[in-house]
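requesting a structural model of the entry that follows:
(one chain, ligands or ions: 1)
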Amino acid sequence: MRYIKIKGTEEKIPIGNIVCAGRNYADHAKELGNEVPDRPALFIKPVSSVIQSGEKVVHPNYSTNLHHEVELVLLIGKNVRHANDAQAEEAIKAYGIGLDMTLRDLQSQARKEGNPWFISKGFDTSAVLSEFVLKGNYKLTLDETITLSVNGVLRQNEKLNKLLFGPVKLVKYISSLITLEEGDIVFTGTPAGVGKVIPGDKIKGEISGIASVETEIISE
Ligand code: ZN
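Okay, the predicted model is just below:
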């Protein structure tokens, strides 16, 4: 079983569904040649894809274009369906930062063929998670900066207020379609600056004031 670790406590929360938003920053949608949508694309990563910060991402041998995506991640603390603003806010228990590692070549091929993104987004070690900060211990303003560097070189750098659907709006939207349950996590989408990484590369992501996430890419 995979767990969320809560910072400063021994608490470990079993992870349920991993719901992810795509194209939730305008500049990132454009860099991949997509229209800026009126709502984010949604997909699921399997729980088996999760590793903790400090563990290594294994580059699958069936891809030649592994990309990093750094994202604010929400932990859902209670079941919610058809949430209003207040219920959506209340359903968010904690914040963390995650890497939504993506096989861009397989994703492009899937898009072309009209197939699901499953393998491109769901391979082993494709979800790297930080420790999470309880909402009671941190007030998110969206003025925070999210960054990612590879081997010390900054590649992604954006304010969270550039999210098209911020945390509350995103939880509301997802809960209009399915029940979000206690223990589910929500990847909120990545800003511009995604790019290729290869074995040996070291990745560090950070949201100022919340948490950081680190990994290294290794060969299969
Ligand atoms: Zn993503």
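
residues touching the closest residue to Met1 other than its chain neighbours, list them.
Distance criterion C-beta to C-beta, 6 or more residues apart in numbering; nearest residue to Met1, sequence neighbours excluded, is Pro14 at 5.4 Å. Any C-beta I mention is one placed from the backbone N, CA and C, and that applies to glycine too. Listed by C-beta atoms under 8 Å, 6 or more residues apart in numbering, the contact set of Pro14 reads Met1, Arg2, Tyr3, Gly183.

any idea what Pro14 is bridged to?
Tyr3 (DSSP bridges).

likewise for Ser219?
His59.

not counting its neighbours along the chain, what's nearest the residue nearest the centre of the chain?
Centroid-nearest residue in the chain, with C-alpha atoms, centre = their mean: Phe187, separated by 3.3 Å. Using C-beta to C-beta, 6+ apart and skipping the chain neighbours, the partner closest in space to Phe187 is Cys20 (3.9 Å).

quick one: contacts for whichever residue of the chain sits closest to the ion?
The minimum distance from the chain to the ion, using C-beta to the ion, falls at Asp100 (3.4 Å). For Asp100, the residues meeting the contact criterion (C-beta under 8 Å, 6+ apart) are Cys20, Lys45, Glu69, Val70, Glu71, Lys121, Ser126, Ala127, Phe187, Thr190.

now swap in Gln156 and tell me
His68, Val70, Ile146, Thr147, Leu148, Thr190, Pro191, Ala192, Gly193, Val194, Gly205.
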